[in-house]
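J.: Kindly generate the corresponding structure for this input.
(5 chains)
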Amino acid sequence: MASEAEEGGPQRPLTQPSTRTALDVATIGGIIAASGLIMTAIVLGGSPTAFMDAPSVLIVIGGTFGVTTACFSLKDMAGAAKSVARTIMRPHDHPGEAAVQMLQLAQIARHKGALALQNYLAALEDSPMLHQGLLMVIDGTPAEDVERIMRREVQAIAQRTSRSVSILRKAAEISPAMGLIGTLVGLIQMLGNLDDPSTIGPSMAVALLTTFYGALLANVVFTPLASKMERNAAEDMLINHMHVMATASIARQENPRRLEMLLNTILPPSERVDYFG
Amino acid sequence: MASEAEEGGPQRPLTQPSTRTALDVATIGGIIAASGLIMTAIVLGGSPTAFMDAPSVLIVIGGTFGVTTACFSLKDMAGAAKSVARTIMRPHDHPGEAAVQMLQLAQIARHKGALALQNYLAALEDSPMLHQGLLMVIDGTPAEDVERIMRREVQAIAQRTSRSVSILRKAAEISPAMGLIGTLVGLIQMLGNLDDPSTIGPSMAVALLTTFYGALLANVVFTPLASKMERNAAEDMLINHMHVMATASIARQENPRRLEMLLNTILPPSERVDYFG
Amino acid sequence: MASEAEEGGPQRPLTQPSTRTALDVATIGGIIAASGLIMTAIVLGGSPTAFMDAPSVLIVIGGTFGVTTACFSLKDMAGAAKSVARTIMRPHDHPGEAAVQMLQLAQIARHKGALALQNYLAALEDSPMLHQGLLMVIDGTPAEDVERIMRREVQAIAQRTSRSVSILRKAAEISPAMGLIGTLVGLIQMLGNLDDPSTIGPSMAVALLTTFYGALLANVVFTPLASKMERNAAEDMLINHMHVMATASIARQENPRRLEMLLNTILPPSERVDYFG
Amino acid sequence: MASEAEEGGPQRPLTQPSTRTALDVATIGGIIAASGLIMTAIVLGGSPTAFMDAPSVLIVIGGTFGVTTACFSLKDMAGAAKSVARTIMRPHDHPGEAAVQMLQLAQIARHKGALALQNYLAALEDSPMLHQGLLMVIDGTPAEDVERIMRREVQAIAQRTSRSVSILRKAAEISPAMGLIGTLVGLIQMLGNLDDPSTIGPSMAVALLTTFYGALLANVVFTPLASKMERNAAEDMLINHMHVMATASIARQENPRRLEMLLNTILPPSERVDYFG
Amino acid sequence: MASEAEEGGPQRPLTQPSTRTALDVATIGGIIAASGLIMTAIVLGGSPTAFMDAPSVLIVIGGTFGVTTACFSLKDMAGAAKSVARTIMRPHDHPGEAAVQMLQLAQIARHKGALALQNYLAALEDSPMLHQGLLMVIDGTPAEDVERIMRREVQAIAQRTSRSVSILRKAAEISPAMGLIGTLVGLIQMLGNLDDPSTIGPSMAVALLTTFYGALLANVVFTPLASKMERNAAEDMLINHMHVMATASIARQENPRRLEMLLNTILPPSERVDYFG
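T.: Alright, predicted model coming up:
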């Protein structure tokens, strides 16, 4: 009845979720492709330098940054920057493989006691939630406390992510507005000096640059990052919930087969595991 | 008491929901009609080639594709493409006929045992959910497990569809923005070179092309596809829920008359069945 | 104790809700008034023919129709057309008078038996729900079945109306977009042929026509019809719910006084009835 | 224990909520101030008559009225007009003083019986809900019926107000659309007659007038009235709920001290009363 | 068992939440940075005086103020002004330190009786809610009454804040509308006087100023203030809820260790306290 898997020990290395932190190809590739097409159109048009204007860049990027900071706080902005970095360099989690790893840990804890997990903590650096949770289990923290503390942590992570998403959405709202403001400044300056008609064209071109920058920032940078961050958050939540389930199950010294059943309840069909045969 | 229908066997072929996969006339016809009217206006205007500009097409289509991919993932995009194909080549389900088919299967299972369903599985290729569910029943999977697994599947299908809809809605948001960006690029280039007034008109015409493409893509392609996909999802859900009901009922070896009553509860009035008289 | 009213019989004609199907003055009058003012401004401007342009009409009306059809289905479109007709030629229901009619029917059924209602069915052609429900009662359908079938019907009606409303709202979104697309086509054609300056004005005028048609369709036709349809649906629901209440009460052979109390619970204060004194 | 207040009688006049119906200074003052500033800018600009154009006024005001009527009904429009009048000439209710008045009435009813309230009805003309409710109490209507009837009335009032608010919001949506339509008419007329360049400026000025009227109506008239009406509705609801509470409490012959406690539960902190010390 | 902390007395000063009321650097800094960049662009453009126009400032600021006042009331406006001041000069609360202070007070009340808190009230001036609550406890108000009164107060504060936020959001909607109205006035005046072409440019520049002011006010002033106020409200609510919890716990003479546990339930992980070891 006991499958071979149930006899595994420290000599057998822990399954590691295979894919690792890597550039998110879709995000980076998509943004670069869209920007590249626009750059190409600019270069083909003949005068790419006409699209560079330091004051325009400053008004749009600086203004968007200033107003967005005013909407939130410096700490929130730092958190959003970290979230963006994590969106670009995303650790690809395979829920199925993560589930197998958790089941292995649950089995070890069941067969050799929770203290035996100490030898495996080093291998869990990529899963801080699981690492911290198992540390509490090893320290003998009661199961309900472990679960309550981890749930609160999961909630705090969700709140931090949703704040980062709303910062990017706010920036995507503000940047076209700063672009419009910059264009109005340019238009008013140009209209006040219509004496030399030959300068009208270039002046209007410069005035339109901020609108161009604002539209670019909003649609090619902030919006996709915000959407992607929101989409990834749902996936991360799944793994986090699984970590809470697994740690609580280990702390309660439940049968790992029950954990497998629980994990399968929330795993998408294609990722369901069948570890105990 | 037992109606004649209750004595049907393998010799009597299974009712097949009559209509089959076919081009969705409303979707394809509507999009082609709208595009055709615009084409006609372009051709009547005399210079249709003025509306073709490869770089403009690239900026709008390529940019929209790039940014939308960045918002989601390559896997999501592939899923959306499949959903679009399924929206255009839509299998027309008649909930009423599908219900009759399910009642026939329930009757066969009741009279000859679940194993007798094996002879009918081949006829259910068009209903993968029902096929997979009956396979589990034949394999002796407990009724609750069959129902739980199928419900999870239905939920996963709903999530996949709603993600495809949000990809198309995002594309409908992004394409006019890419059109605006392209027009701004064109305007800035034109304004920087006002020396030869005779080129102003054609340059502006080209600049406006991306706005035209963006408006066309958003309003004539992405928006109707997204709306139609959302509308169809509600219909598909009905059939899926019926399949879950029917499979669970067969697995529980319930009286088919009870299944008929259950199916009629969720069928729209015009599709209600009266199989057992 | 028994008031004189309780002795009414077939010789006494049934109270008919007084107002009948008629043009909805507010809807038709409002749309005609708004259109008339715009027409007047056009005629006063001197050249009304400048506002007629067949290709422009085709692009906006045909394009809006095509795209809206693609968003839904031909069956949905036919349903929306019927809903529009019913919004314009609206049967004005007086919930109070309808309630009195239902109480009379309940009293007849109580005193002479449900079969006696047969003589009155012909007078209920304007209330198909009530007609169909009483037919079931006369046929001896059990009360719970009558109620369940009618509730499902009411729900189906609500869904049909809400789909018609969303079709009109979608058309109100699409028509200005088609207007913009038409104007872009016109502008691009004009900008490509700036040789003869004398044609610029008329060309731009024609280009703007589609925007004008789109704005007109959306704001003077689709939006008011959608709003009115939504508003009427709430009123119709009231009568429908009363019909379900009354039919179920008659099927259950309850005291008509109890029905009066129930109907008064959902009638607005100004329409409450006091039939039994 | 019995405070002096408990011995009050008809000789002691009823506390009247101090402030009375009066022009709402914020609403009227704010709208007049904003309009005045715009008028001043127009007059300073030198040619105020250029801003008067009867056809433009007709298109925008008449068109907005026509379309809004089509969205609702003539009865709804009349209700909205009344609501607007009530928003401008707003009876300023002091919930605290109203509470004291209700407590006095409750005390009178407690000490001298409900019939004694007859002497005070005349003083309650400003509070029709309370007046009507007490009349029912004096007539001996059972407490639950009084409460149920009054609750239905309160609900009906809330629905009427919310319909008036949505009429004004709809008008605020329609008026800029009618302004745009008017401007398009003007532009198309102007573009068709470019022969005399000296008329271009004035023609465009007239064309822009409808856009100006539409923006003015929406932002300076309809939007503030709708917002104010919505804001006032919340305050009125408080008083209405207190009237229901008080009448029901009197009908149930409860101790006025209990009523005081109940009223204080829903009064804002600054308005809480301490009538019985 | 009793830790040293439990023996603290009046000789030991109360922990004061360390940070105090100070300019909110992110809000003020962000707004100033964004405005500064725009100012720099204006000054670099050469003619900063072209951006000053008293009538334009009046129309936009005065008009926005007038319309917003009309939407609400003078009292609401004063409340919003106070909220803005409090957003800019924000008391930085450290929930963790505030929790420690509350636990100290709970310990003092437990060891020396609620009356001993009197010596500490003076130190609580920065926390009016806590101050008022403890005053009620010292006065012997029953625990449930203290809690009910404080909860109502917390709710009233939340309503006041949300009204202030909606005033700023309304102002952010109205100011661009007033900018548009001002620009339309300017354009209409200019178009009526095209005689001297040399004045067209400057006239249009002045006309555009109101649009510029409106965009600036909405995006650089009202929107960030509203967003920040909303964000801060969530933080303030946390402290307020903790004050209610602590005061109710002291009034109920509960063990401070239980209060610590309760406070930790709502504190974010990083702020959780461990006062009793």
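J.: which residue ranges form the helices in chain A?
T.: A:25-44, A:54-57, A:63-71, A:74-88, A:95-112, A:128-138, A:143-192, A:200-216, A:223-251, A:256-266 (DSSP state H).
J.: for the record, mean pLDDT for the fourth one?
T.: Which is helix A:74-88. Averaged across helix A:74-88, the pLDDT comes to 92.
J.: for the first one, same thing?
T.: For helix A:25-44, mean pLDDT rounds to 92.
J.: For chain E, see how far away A:Asp93 is.
T.: Distance, A:Asp93 to chain E, using C-beta to the nearest C-beta, to the nearest Å: 22 Å. (C-beta placed from N, C-alpha, C; glycine too.)
J.: ok, how many other residues are close to that residue?
T.: Using other C-beta atoms under 10 Å in any protein chain shown, A:Asp93 is surrounded by 20 other residues.
J.: Now it: closest residue in space that isn't a chain neighbour?
T.: In space, and not counting its chain neighbours, A:Asp93 is closest to A:Ile239: 5.1 Å by C-beta to C-beta, 6 or more residues apart in numbering or on different chains.
J.: Determine which stretch of the helices of chain A is the most buried.
T.: Among the helices of chain A, the stretch with the highest mean neighbour count (mean count of other C-beta atoms under 10 Å in any protein chain shown) is helix A:63-71, at a mean of 26.
J.: Contacts only, for the nearest residue to A:Ala106 once chain neighbours are set aside.
T.: Among residues not flanking A:Ala106 along the chain, A:Pro256 sits closest, at 4.0 Å (C-beta to C-beta, 6+ apart). The neighbours of A:Pro256, taking C-beta atoms under 8 Å, 6 or more residues apart in numbering or on different chains as the test, are A:103, A:106-107, A:110, A:249, A:275-276.
J.: what pLDDT does A:Pro256 get?
T.: Reported pLDDT for A:Pro256: 90.
J.: Now stretch A:125-136: average pLDDT?
T.: According to the model, stretch A:125-136 has a mean pLDDT of 87.
J.: For that stretch, which outside residues touch it?
T.: With contact meaning C-beta under 8 Å, 6+ apart, stretch A:125-136 is reached by A:17, A:20-21, A:91, A:98, A:102, A:105, A:117, A:121, A:124, A:145-146, A:149-150, A:153-154, A:239-240, A:243-244, A:246-247, A:250-251.
J.: Where does the stretch 1-150 of chain A get nearest to chain B, which residue?
T.: A:Gly30 (3.0 Å; C-beta to the nearest C-beta).
J.: So A:Leu105 is in contact with A:Tyr120, correct?
T.: Yes: using C-beta atoms under 8 Å as the test, A:Leu105 is close enough to A:Tyr120 to be in contact (6.4 Å).
J.: Now the common contact residues for those two.
T.: By C-beta under 8 Å, 6+ apart, the residues touching both A:Leu105 and A:Tyr120 are A:Leu14.
J.: Count the residues that sit near A:Thr49.
T.: 8.
J.: Endpoints of stretch A:263-270, how far apart?
T.: 13 Å (C-alpha to C-alpha, to the nearest Å).
J.: Do it and chain B come into contact?
T.: Yes: Stretch A:263-270 reaches chain B (C-beta under 8 Å from any C-beta of the partner chain) through A:268-269.
J.: contacts for that stretch?
T.: Here stretch A:263-270 has contacts from A:95-96, A:99, A:102-103, A:238, A:241-242, A:245-246, A:272-273, B:149, B:152-153, B:156, using C-beta under 8 Å, 6+ apart.
J.: tell me the mean pLDDT over that stretch?
T.: 81.
J.: Ok, stretch A:180-192 next?
T.: 93.
J.: Mind exporting the C-alpha coordinates of it to CSV?
T.: Extracted in CSV, the C-alpha atoms of stretch A:180-192 (Å, rounded to 0.1, in the frame of the first residue of the first chain):
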residue,chain,number,x,y,z
LEU,A,180,-1.5,67.8,-23.0
ILE,A,181,-0.2,70.4,-20.5
GLY,A,182,3.2,70.4,-22.2
THR,A,183,1.5,70.8,-25.6
LEU,A,184,-0.7,73.7,-24.3
VAL,A,185,2.5,75.4,-23.0
GLY,A,186,4.1,75.0,-26.4
LEU,A,187,1.0,76.2,-28.3
ILE,A,188,0.5,79.3,-26.2
GLN,A,189,4.2,80.2,-26.6
MET,A,190,4.0,79.7,-30.4
LEU,A,191,0.7,81.6,-30.8
GLY,A,192,2.2,84.6,-28.9
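J.: is it anywhere near chain B?
T.: No: using C-beta under 8 Å from any C-beta, we find that stretch A:180-192 stays clear of chain B, coming within 10.0 Å at best.
J.: For E:Arg231, see how far away the spatially most central residue of chain A is.
T.: The centre of chain A sits closest to A:Thr87, judged by C-alpha atoms, centre = their mean, with a distance of 3.6 Å. Using C-beta to C-beta, to the nearest Å, A:Thr87 is found at 22 Å from E:Arg231.
J.: low-scoring pLDDT stretches of the stretch 151-277 of chain A, where are they?
T.: Applying pLDDT under 70 to the stretch 151-277 of chain A flags residues A:277.
J.: can you do 90?
T.: Across the stretch 151-277 of chain A, the ranges flagged by pLDDT under 90 are A:151-160, A:192-203, A:232-239, A:253-255, A:257-258, A:260-277.
J.: For the residue of it found nearest chain C, which residues are in contact?
T.: Using C-beta to the nearest C-beta, the closest approach of the stretch 151-277 of chain A to chain C is made by A:Gly201 at 16.4 Å. Contact partners of A:Gly201, counting by C-beta under 8 Å, 6+ apart, are B:191-194.
J.: near chain B, which residues of the stretch 51-200 of chain A?
T.: So the stretch 51-200 of chain A meets chain B at A:51, A:198, A:200 (C-beta under 8 Å from any C-beta).
J.: Switch those residues over to CSV; also include distance to D:Lys82.
T.: As requested, those are exported to CSV (distance: C-beta to C-beta, whole Å):
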residue, distance to D:Lys82
A:Phe51, 59
A:Ser198, 62
A:Ile200, 55
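J.: And those, which is closest to E:Arg160?
T.: Proximity of those to E:Arg160 (C-beta to C-beta) peaks at A:Phe51, which lies at 48.5 Å.
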